[in-house]
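In: using only what follows, build the 3D model:
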Amino acid sequence: MQANKKYILSLKEYERLFDKLYTSLCLFANKYIGDLDQSKDIVQDVFVKVWEDNVGFQNENNIKSYLYTSVKNKSLDYLKSKRVKTTDNFPITEIAKLETESFFLREVVVLETSNIIENAINTLPNKCAQIIRLSIKDFTNTEIAEELDISINTVKAQKKIAYKRLRPLLKDYFILIAFVFDNTN
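Out: Model prediction:
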């Protein structure tokens, strides 16, 4: 019966988890409600509840799943209460769309993939990382060169270095990354 045992987070593990997931969860909540300050409040409420209720988990994947689901539910509750309390009249059809499993899963996948890409980019030298981040934002090589006050040949050379270093780090995530970029356009 050891497999069903729930694991309670220590303070240090809780703080590490908060540091690791807080920003992603805030962005996730913001996809639902479109208000970053309110999103931060929602995420903080979820973390406080986890701590105060000593919520137990079987592993880290269970923790992430619980947190994303809790943030989704709190966000939807916020939207429903806002709709009732204001004349803002957030369309009920929009809330129904946000409640779908497909919306939830797509947003989780997009955020997790973004984290994977960002962690890989963080391993690059500073200039390479800057260039790749601008490139991801659809800056042309010329625009990147102007923005960073470097030559276009430096941009091309740094991109080549970056791609060479990123390829082995991201190769296991190729299908996931392709899925995300295909579904965000």
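
In: let me see the domain layout of this protein.
Out: The record's domain parsing of the chain by automatic domain parsing lists 1-99, 117-185.

In: show me what contacts residue 141?
Out: 152, 155-156, 159 (C-beta atoms under 8 Å, 6 or more residues apart in numbering). To be clear about C-beta, it is placed using only N, CA and C from the backbone, and glycine gets the same treatment.

In: just the ones in helices from these, please.
Out: Cross-referencing the contacts of residue 141 with the helices (criterion: DSSP state H) gives 152, 155-156, 159 as the overlap.

In: so how far is residue 139 from the most centrally placed residue in the chain?
Out: With the centre of the chain defined as its mean C-alpha position, the nearest residue by C-alpha atoms, centre = their mean is residue 111, 2.9 Å away. Taking C-beta to C-beta, to the nearest Å as the measure, residue 111 falls 23 Å from residue 139.

In: cool, and residue 97?
Out: If you measure residue 97 against residue 139 using C-beta to C-beta, the figure is 32 Å.

In: these two: who's more crowded?
Out: Under the neighbour definition other C-beta atoms under 10 Å, residue 97 and residue 139 were set side by side, and residue 139 has more, 17 against 11.

In: which stretch of helix or strand covers the closest residue to that one other than its chain neighbours?
Out: The shortest distance from residue 139 to any non-neighbouring residue, by C-beta to C-beta, 6 or more residues apart in numbering, is to residue 147 (6.7 Å). According to DSSP states H and E, residue 147 maps onto helix 141-148.

In: now that helix - C-alpha only, PDB.
Out: Extracted in PDB, the C-alpha atoms of helix 141-148 (Å, rounded to 0.1, in the frame of the first residue of the first chain):
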ATOM      1  CA  ASN A 141      18.300  39.800 -39.000                       C
ATOM      2  CA  THR A 142      18.500  43.400 -40.000                       C
ATOM      3  CA  GLU A 143      16.200  44.500 -37.200                       C
ATOM      4  CA  ILE A 144      18.200  42.400 -34.700                       C
ATOM      5  CA  ALA A 145      21.400  44.000 -35.900                       C
ATOM      6  CA  GLU A 146      19.900  47.500 -35.500                       C
ATOM      7  CA  GLU A 147      18.400  46.700 -32.100                       C
ATOM      8  CA  LEU A 148      21.600  45.300 -30.700                       C
END
